[in-house]
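*Asks:* Quick one: sequence plus predicted model below, questions after.
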Amino acid sequence: MMELKTDTSIDAMYEAGQVVGRALTAAREAADVGVSLLELDEVAREVLRDAGASSPFLGYRPTFAPTPFPAVICASVNDAIVHGIPTAYRLRDGDLVSIDCGAELNGWVGDSAISFTVGRPRPADVRLVETAERALTAGIAAAVVGNRIGDIAHAIGRVCRDAGYGIPQDFGGHGIGRHMHEDPGVPNEGRPGRGLPLRHGMALAIEPMLIGSGRDDYHAAPDGWTLRTNDGSRAAHAEHTVAITESGPRILTERNSKA
């Protein structure tokens, strides 16, 4: 069941979202050649601890997962699309990294993700990340009262497809609020004018996921969590938690320009 949030609740979600933004910024600033994914997870943990927030990721176990998630960030590198488990892997020059993070504060949740390169970037990776951000911006711009879920999906999908990128099916954005995953689902491709009408008080995690080769197929890694491209091509992921308001979409997980 979808819960419409009050303006006061949206303000509270903004506070949770700011913790997420700080955690992502800190993780990106710490990411460098030779730094391990576990070290990035610890950076994010410290931000959450300092804010008095908890992680909706840590211990989370949806029906598809063989084990509870063991970290506060998802760290997906190169051909990993989403849900990468932080390991002792140390970042290498030219790696493409996606970090997804959530925070729960005073009963409300924020969720956001960024993608970036480490060391000397490949031009193709720069374009992929920039397109993920453009798709996110387009999706947010469509998140207005009177539109429908399909308008968000169509806006995201058009940016991705026009750039020649693939879109992993069956995974996308979602409602968010007191829990990390709530109704409704927010696909990354769809038909405009279809789906649930957008109303003041809805809160959505909008999150484009792009596959560099243009193919849509992927598989789950042996850990049961990480989704990887079938052809080994690189992927990018961008996400914000957004409130639908009468005055337009309000980004609740804003972060500084470095992220």
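*Replies:* Arrived safely, thanks for sending.
*Asks:* where along the stretch 101-250 of the chain do the helices fall?
*Replies:* Secondary structure of the stretch 101-250 of the chain (DSSP state H, counting those that start in this stretch): helices at 123-141, 149-162.
*Asks:* ok now the last one, how far from the chain's centre?
*Replies:* Taking CA atoms, centre = their mean, to the nearest Å, one finds the center of helix 149-162 at 16 Å from the center of the full chain.
*Asks:* Can you show me the CA trace of that helix as PDB?
*Replies:* Only the C-alpha atoms of helix 149-162 are listed here, as PDB (Å, rounded to 0.1, in the frame of the first residue of the first chain):
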ATOM      1  CA  ILE A 149       4.600   6.600 -13.400                       C
ATOM      2  CA  GLY A 150       4.900   5.800 -17.100                       C
ATOM      3  CA  ASP A 151       6.000   9.400 -17.800                       C
ATOM      4  CA  ILE A 152       9.000   9.000 -15.500                       C
ATOM      5  CA  ALA A 153       9.800   5.600 -17.000                       C
ATOM      6  CA  HIS A 154       9.500   7.000 -20.500                       C
ATOM      7  CA  ALA A 155      11.700  10.000 -19.800                       C
ATOM      8  CA  ILE A 156      14.400   7.800 -18.400                       C
ATOM      9  CA  GLY A 157      14.200   5.200 -21.100                       C
ATOM     10  CA  ARG A 158      14.300   7.700 -23.900                       C
ATOM     11  CA  VAL A 159      17.600   9.200 -22.700                       C
ATOM     12  CA  CYS A 160      19.100   5.700 -22.300                       C
ATOM     13  CA  ARG A 161      18.000   4.300 -25.600                       C
ATOM     14  CA  ASP A 162      18.800   7.500 -27.600                       C
END
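*Asks:* deepest of the helices of the stretch 101-250 of the chain, which one?
*Replies:* helix 149-162 (a mean of 22; mean count of other CB atoms under 10 Å). Heads up, the C-betas are built off the backbone N, CA and C, glycines and all.
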